[in-house]
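Predicted model, plus sequence, below.
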Amino acid sequence: MAKARIARKSTWVDMTAFVDVAFLILTFFILATKFKPAEPVEVKTPSSVSADKVPEMDAFLVTIDKDGRVFVQMDDPKARESIANNLNETRQLGLTPAEIRSFTNAPSIGVPFANLKELLAMDPEQQKNVKQPGIPVPDSTGGELYYWVRDAMSTYAGKKTTWLIKADNETKYPVVRNVLDAFKRNDINKFKLVTKFQDAPVGSPLWNSRQDQIKKASSGT
């Protein structure tokens with residue numbers, strides 16, 4: 001006698017809820033992540049064993065490429081707007097409100113004051129394609145960078161500001177020295193150099209200390 005066959009039905013699972021959760025998580029990470037601003041130039045920094053992280057708030061960064069071009073970057077759009085207004089008045093730049101807004105949205109600046117108005121009159125895509133010559137820092141006076149730092153100090157007054165210098169490994173020392181002079185003329189004697197992290201030599205006191213920290217973290221003590 002033939003056995004009756006039980007018809008097999010395909011299994012259907014409603015994945016809508018899983019998809020919704022996946023997109024929710026993705027959206028959360030997109031909204032929660034602070035996107036890093038575009039670097040003005042490619043800079044290959046020297047290596048060091050320091051593990052300090054670059055702060056994300058109240059930081060003023062001076063970048064120097066291998067050709068000695070100098071750029072400034074500020075993390076806060078409100079700070080950029082304040083500095084733009086100050087420089088527009090003190091250096092008589094003649095910037096329009098639209099050009100000041102353009103400055104506020106620019107991730108970095110690397111042109112002389114004489115060319116700043118022309119740069120800011122361009123749209124963002126045009127600005128990206130312009131090879132900026134760098135802020136003039138020709139000698140121990142600090143050049144035009146002195147005024148950038150001075151107005152940044154005024155903008156960040158009352159805040160714990162981190163002053164940063166990021167120089168290429170091939171940058172000539174006289175350029176770095178002139179940048180330091182711009183800081184010193186503004187009585188800024190405490191700043192940090194941005195470097196590429198490398199681990200401490202095996203067996204050194206710093207290496208041993210970090211190994212102890214790793215062990216403590218893994219053991220939960």
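Cool, the structure landed. Residues are numbered from 1 along each chain as shown.

count of residues packed around the closest residue to Lys184 other than its chain neighbours?
Counting by Cβ to Cβ, 6 or more residues apart in numbering, Gly142 is the residue found nearest to Lys184 once chain neighbours are left out, at 8.0 Å. Placement of C-beta: from N, CA and C, glycine included. Residues within reach of Gly142, counting by other Cβ atoms under 10 Å, total 23.

For Gly142, which residues are in contact?
By Cβ atoms under 8 Å, 6 or more residues apart in numbering, Gly142 lies in contact with Val149, Asn178, Val179, Asp181, Ala182, Phe183, Lys184, Arg185, Asn186.

List the buried residues for stretch 72-88?
72-76, 79-88 (16 or more other Cβ atoms under 10 Å).

Quick check: pLDDT value at the residue lying closest to Arg150 once chain neighbours are set aside.
Counting by Cβ to Cβ, 6+ apart, Arg150 lies nearest to Asn186, which is 5.4 Å off, once chain neighbours are set aside. At Asn186, the predicted lDDT confidence score is 96.

coming back round to it: among the buried residues of stretch 72-88, which are in helices?
Judged by DSSP state H, the buried residues of stretch 72-88 include Ala79, Arg80, Glu81, Ser82, Ile83, Ala84, Asn85, Asn86, Leu87, Asn88 as members of helices.

Can you tell me how far the last one is from Tyr147?
Asn88 is 12 Å from Tyr147, where distance means Cβ to Cβ, to the nearest Å.

doesn't Phe183 make contact with Lys192?
No. With contact defined as Cβ atoms under 8 Å, Lys192 does not reach Phe183; the gap is 11.4 Å.

Tell me where the model's unsure across the chain.
For the chain, residues meeting the criterion pLDDT under 70 lie at 1-40, 46-56, 197-221.
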